[in-house]
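**Student:** need a 3D model of the following:
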Amino acid sequence: MAKTAAAVLEEQQFVLSNLSPSLAQRRLALAVALGLLIAFVITAGPLSTIQPGRIGAFVPAYATAIFATDLITAALLFAQFSILRSHALLLIASGYLYTALIVIPWMLTFPGVFTPDGLLGAGLQTTTWLYTLWHAGFPIFVIAYALSKDADPSKELWQGSAGAAILSSVAVTAVLVCAVTLLVTAENDLLPRQSLDPVHFSNVWLYFAGCLSLLIVVALIVLWVRRRSVLDLWLMVVMCAYLIEIYLISFPVPVRYSIGWYAGRIFGLVSSSLVLFVLLYEITMLYAQLLRAVLAQRREREARLLTGDAVTATVAHEIRQPLSAMITNADAGLRWLDRSVPDLDEARAALKEIGADGRRAGAVIGSIRAIFKRDIANRAPLDVNEVIEEALALVRGELQRHRIRVEAKPNTKLPQVIGDRIQLQQVLMNLITNAIESMAAKDEPRFLRVTSEVHDKGGVKVSVVDTGTGIGSQDVDRIFDPLFTTKSDGMGMGLPICRSIIEAHGGRLWVAPNTPRGAVFQFILGADTATSAAAS
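**Tutor:** Below is the predicted model:
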């Protein structure tokens with residue numbers, strides 16, 4: 001249970017009702033509030049003398065818009081409550097549902113909309129009192145929302161069924177609206193007279209307008225004192241719009257269908273829409289974040305699969321050579337032993353070769369692990385000439401079988417390099433094996449040249465030159481990509497492994513065409529500066 005509560009509290013940090021407002025959000029809310037204030041000054045000043053008169057479609061359109069926006073806002077807040085289980089969210093969602101429902105009897109009883117006196121048995125005071133209770137009810141819900149936000153969020157979590165809580169809130173709110181409607185219609189004659197006629201308000205309305213304004217100010221103060229979230233910030237802007245609406249309807253002339261009355265209704269619609277717009281923006285942003293997270297997770301999964309394929313292909317590719325040599329030597333040893341007069345010396349030599357190949361297989365596996373771990377523990381000063389000689393010795397049988405002429409003269413002027421002997425042997429054996437396979441598909445001459453020289457910028461440059469089929473121009477840019485191969489039985493990991501090893505040694509590997517045919521693979525290794533300086 002504690003873990004669940006902790007998870008919910010962590011989730012609350014990413015939603016509107018608990019997310020602390022950023023500086024940009026505070027500036028935007030301030031800009032909206034200033035915009036409302038400027039519009040109020042213009043309406044209450046230069047435009048206050050305009051009297052548009054009655055617009056028949058205005059009230060139904062206004063009421064429909066208020067109903068739709070407040071109902072959607074309530075639905076979104078109830079949805080957040082079902083996730084976060086916050087009492088405060090349940091209260092503010094009920095507040096928006098209250099305003100959405102009470103606008104229905106307000107419109108039905110409004111004089112002149114459906115009938116001259118309004119529906120539901122309405123009297124002269126019904127519509128005005130519904131409006132009063134509408135604009136008194138929502139600030140009360142806002143105050144309750146703010147006061148219910150405990151300093152310890154875990155204490156305000158709803159422990160029961162979220163669905164039951166939402167249904168109960170909807171039912172209670174609907175009953176409250178029905179009770180209010182019944183009260184102001186049935187007891188119309190007993191209510192204080194806020195309306196003199198369908199157009200003019202009495203002085204009593206001004207006292208009630210002052211009370212509504214005071215209640216809204218109290219809601220503003222409570223929100224200000226207990227503000228913690230983006231929702232609190234925008235509810236304060238909503239309360240400011242409510243305050244302006246009450247003033248414009250009441251002053252300077254308390255009368256319907258004036259410019260102030262119409263402007264007040266527009267301010268009411270704006271106040272109704274603000275939280276909805278912010279909620280929709282939040283939902284859009286959360287959806288975008290979710291989409292990015294899903295795509296990132298998918299890319300990560302694909303990368304893991306590709307890495308797994310690459311590791312498997314790497315092991316299979318690199319271990320194939322020593323295993324093939326072991327099989328060849330084992331077969332040779334058996335043939336020596338199966339003779340009528342077994343040649344024990346040759347069999348012993350074959351067994352020694354099998355042991356050497358087995359140790360080399362173990363070293364290859366270790367070097368593969370070092371490639372992926374970027375391990376440098378096995379690096380030491382070494383002579384590139386010796387590495388070349390050892391690599392050629394390991395593939396001498398293949399070179400002879402394919403009748404390939406080899407040129408590999410040692411360069412005595414080379415500086416030593418720092419590197420892993422087994423890994424650099426792998427590089428050379430891969431490059432030489434590729435050259436052998438490339439030349440095996442071509443007629444003679446078959447010529448392999450492995451050279452080494454001092455690089456211009458220090459270090460050693462090694463070149464493996466063949467007269468095989470070469471690399472097509474369309475494949476040059478992809479030849480080092482993992483899992484890309486031009487061979488029917490290739491795995492596409494030899495050259496990527498070679499490049500990874502050389503780059504891990506601080507060098508560079510590339511390919512160029514050979515003239516008139518074939519390819520030239522070259523790589524550069526940095527010199528062992530300490531050894532070179534001591535030798536000089």
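**Student:** find the nearest non-adjacent residue to Leu108, please.
**Tutor:** In space, and not counting its chain neighbours, Leu108 is closest to Leu119: 4.4 Å by C-beta to C-beta, 6 or more residues apart in numbering. For glycine as for every other residue, the C-beta is placed from the backbone atoms N, C-alpha and C.
**Student:** A helix includes that neighbour, no?
**Tutor:** No - counting by DSSP: H, G, I helix; E, B strand; the rest coil, Leu119 falls outside a helix, being coil.
**Student:** surely it touches Pro111?
**Tutor:** No - here Leu119 lies out of contact with Pro111, judged by C-beta atoms under 8 Å, at a distance of 10.4 Å.
**Student:** neighbour-wise, which of those two wins?
**Tutor:** Using other C-beta atoms under 10 Å as the criterion, Leu119 and Pro111 rank with Pro111 on top: 20 against 15.
**Student:** and the more buried one, what helix or strand is that in?
**Tutor:** Using DSSP states H and E, Pro111 sits within no helix or strand.
**Student:** which is the next helix or strand following the helix or strand of the chain with the lowest mean pLDDT?
**Tutor:** Scoring the helices and strands of the chain by mean pLDDT, DSSP states H and E places helix 2-12 at the bottom, with a mean of 44. Using DSSP H and E, the next helix or strand after helix 2-12 towards the C-terminus is helix 23-44.
**Student:** without its sequence neighbours, what residue ends up closest to Ser271?
**Tutor:** Ala241 (3.5 Å).
**Student:** contacts only, for the one you found.
**Tutor:** Neighbouring residues of Ala241 by C-beta atoms under 8 Å, 6 or more residues apart in numbering: 36, 267-268, 270-271, 274.
**Student:** and of these, the nearest to Ile436?
**Tutor:** Leu274 (75.2 Å; C-beta to C-beta).
**Student:** helix or strand: which one has the closest one?
**Tutor:** Counting by DSSP H and E, Leu274 is found in helix 259-338.
**Student:** that helix vs helix 23-44, what angle?
**Tutor:** 160 degrees (axes from the mean of the first three to the mean of the last three C-alpha atoms, to 10 degrees).
**Student:** run a quick neighbour tally on Ile283.
**Tutor:** Counted by other C-beta under 10 Å, the residues lying close to Ile283 total 15.
**Student:** please read the previous query as pertaining to Ile221.
**Tutor:** Count around Ile221 with other C-beta under 10 Å applied: 14.
**Student:** list the buried residues for the helix or strand harbouring it?
**Tutor:** For Ile221, the host element (DSSP H and E) is helix 203-226. Within helix 203-226, the residues that count as buried by 16 or more other C-beta atoms under 10 Å are 204-205, 208-209, 212-213, 215-216, 219-220, 222-223, 226.
**Student:** so which of those residues is the closest to Ala165?
**Tutor:** Arg226 (22.3 Å).
**Student:** doesn't Ala146 make contact with that closest one?
**Tutor:** Yes - counting by C-beta under 8 Å, Arg226 touches Ala146, with 4.8 Å between them.
**Student:** tell me, what's touching these two both at once?
**Tutor:** Joint contacts of Arg226 and Ala146 (C-beta under 8 Å, 6+ apart) are Asp232.
**Student:** helices along the stretch 301-450 of the chain, start to end?
**Tutor:** Remark: helices assigned in the stretch 301-450 of the chain by DSSP state H, counting those that start in this stretch are 344-373, 384-394, 396-401, 421-440.
**Student:** re the thing from before, quick one: pLDDT of the residue nearest to Ser271?
**Tutor:** Listed pLDDT for Ala241 reads 92.
**Student:** got it, and the one 10 residues further on?
**Tutor:** Confidence at Phe251, expressed as pLDDT, is 79.
**Student:** what's it in contact with, if anything?
**Tutor:** 44, 260.
**Student:** before we move on, what about Val476?
**Tutor:** Val511.
**Student:** so what's the backbone phi/psi at it?
**Tutor:** phi -60, psi -40 (degrees, to the nearest 10).
**Student:** against Gly458, how distant is it?
**Tutor:** Between Val476 and Gly458 the computed distance is 27 Å (C-beta to C-beta, to the nearest Å).
**Student:** what do you get for Arg449?
**Tutor:** 23 Å.
**Student:** what's the mean pLDDT across stretch 516-527?
**Tutor:** On average, stretch 516-527 scores 87.
**Student:** make that stretch 255-265, sorry
**Tutor:** For stretch 255-265, the mean confidence score works out to 86.
**Student:** where does the stretch 301-450 of the chain have low pLDDT?
**Tutor:** Applying pLDDT under 70 to the stretch 301-450 of the chain picks out residues 301-321, 362-378.
**Student:** pull the number of nearby residues for Gln289.
**Tutor:** 11.
**Student:** and it, what pLDDT?
**Tutor:** The confidence metric pLDDT takes the value 78 at Gln289.
**Student:** and it, how far is that from Glu282?
**Tutor:** From Gln289 to Glu282 the distance is 10 Å (C-beta to C-beta).
**Student:** Ser500 too?
**Tutor:** Ser500 sits 45 Å away from Glu282, going by C-beta to C-beta.
**Student:** what does Pro252 give?
**Tutor:** In terms of C-beta to C-beta, Pro252 sits 39 Å off from Glu282.
**Student:** between these two, who's got more neighbours?
**Tutor:** Glu282 (19 against 12).
**Student:** mind checking pLDDT for the more buried one?
**Tutor:** 80.
**Student:** and the helix or strand just after the helix holding Ile221 with helix 259-338, angle?
**Tutor:** Using DSSP H and E, the helix or strand that directly follows helix 203-226 along the chain is helix 230-250. Per the same axes, to 10 degrees, the angle that helix 230-250 makes with helix 259-338 is 160 degrees.
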